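J.: Build me a model from this:
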Amino acid sequence: MALQIGDIAPDFEADTTHGPIRFHKWIEGSWVILFSHPKDFTPVCTTELGALARLQPEFAKRNVKLIELSIDSVRDHLLWSKDIADTQGYFPEFPMIGDTDLKIAKLYGMLPARTTGGAAGRTVDDNATVRNVFVIGPDRRIKLILIYPMSVGRSFSEVLRVLDSLQMTAKYNLATPADWIPGQDALIPSSVSDAEATAAYPKGWNTLNPYLRFVRLP
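T.: Here you go, the predicted structure:
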């Protein structure tokens, strides 16, 4: 079964550039972004890891832990990290998971469960589907899944925007409209009656029609 939003993120044990971890224990009440790459020493992925390393303080402000997975060894990850620092100007300080047996990629549905063998001999094209972003909440449930092709570098400003929305809507019973950014009005969900909204937002809201109600954050 493919993973869906709302599912518990599968637990696993793995070796990383920060040592061995058990994933659910490592989460420890934080938000988590698990992002994956098909192979080390690849051009688009190198720029992505540099961008994440640069933005890590922004994620830390949001109580977010970053963790990366690639279909290569921890030793390769350490060598690749030096290249990333040399070419992108930022060293990845977050853990990077070695998945040479493909166990976690298959567990998270990024490679078919029937895939045999390990990382040795596999090309970047063989692993092309290992290009996911999973946003996982402190409750260990998956909040967002993004999948990118190998030719398109990921927009981490969009990941930050989504995190801001997820964290705000987890705190308040609200939703966010298209292209929302922090500070803009949010939406009252259709599941919330006007009476319930009046109790929650006594200063009122802007009604465009019965199901489209914009409100300032409390």
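J.: residues of stretch 125-141 that come out buried?
T.: D126, N127, T129, V130, R131, N132, V133, F134, V135, I136, G137, R140 (16 or more other CB atoms under 10 Å). All C-beta spots, glycine's among them, are computed from the backbone N, C-alpha and C.
J.: What lies in contact with that stretch?
T.: Applying CB atoms under 8 Å, 6 or more residues apart in numbering, the set of residues contacting stretch 125-141 from outside is 3, 6-9, 24, 27, 29-39, 69-71, 105, 108, 110-111, 142-150, 154, 159, 162-163, 166, 170.
J.: Can you classify the residue nearest to E58 when sequence neighbours are not counted by secondary structure?
T.: Leaving aside its sequence neighbours, E58 sits nearest to L160 (CB to CB, 6 or more residues apart in numbering; 6.1 Å). With DSSP: H, G, I helix; E, B strand; the rest coil as the basis, L160 sits in helix.
J.: First residue to last residue on stretch 132-149, what's the distance there?
T.: 9 Å (CA to CA, to the nearest Å).
J.: per-residue confidence averaged over it?
T.: Mean pLDDT, computed over stretch 132-149, is 98.
J.: quick one on the thing from earlier: considering the buried residues of stretch 125-141, which is situated nearest to P43?
T.: Distances from P43 to the buried residues of stretch 125-141, taken as CB to CB, are shortest for R131 (13.5 Å).
J.: which residues touch S81?
T.: T17, L49, F91, P92, M96.
J.: now those: which count as buried?
T.: Buried members of the contacts of S81, scored by 16+ other CB under 10 Å, are T17, L49, P92, M96.
J.: Quick check: the farthest pair among the residues you listed?
T.: Maximum distance among these (CB to CB): 11.6 Å, for T17 and L49.
J.: Give me the common contacts of these two.
T.: Jointly contacting T17 and L49 under the rule CB under 8 Å, 6+ apart are S81, P92.
J.: Please enumerate the strands of the chain.
T.: For the chain, strands defined by DSSP state E occupy the ranges 13-14, 21-22, 31-37, 64-70, 96-98, 132-136, 142-147, 186-187, 206-209, 212-215.
J.: Of all those strands, which one is nearest R122?
T.: With CB to CB, the closest approach to R122 among the strands of the chain belongs to strand 64-70: 11.7 Å.
J.: May I have the strands that pair with the closest one, each with its orientation?
T.: strand 31-37 (parallel), strand 96-98 (parallel) (DSSP bridges).
J.: The residue nearest to E58 contacts F59, correct?
T.: Yes - at 7.4 Å, L160 and F59 qualify as touching, with contact defined as CB atoms under 8 Å.
J.: mind checking how far S155 is from L52?
T.: 12 Å (CB to CB, to the nearest Å).
J.: wait, doesn't L166 sit right on L160?
T.: No - under the criterion of CB under 8 Å, L166 is not in contact with L160, lying 10.7 Å apart.
J.: If we ignore the residues flanking it in sequence, what's nearest S190?
T.: Nearest residue to S190, sequence neighbours excluded (CB to CB, 6+ apart): Y211, at 5.2 Å.
J.: The one you found against I188, yeah?
T.: No - if you go by CB under 8 Å, Y211 and I188 don't touch, sitting 9.2 Å apart.
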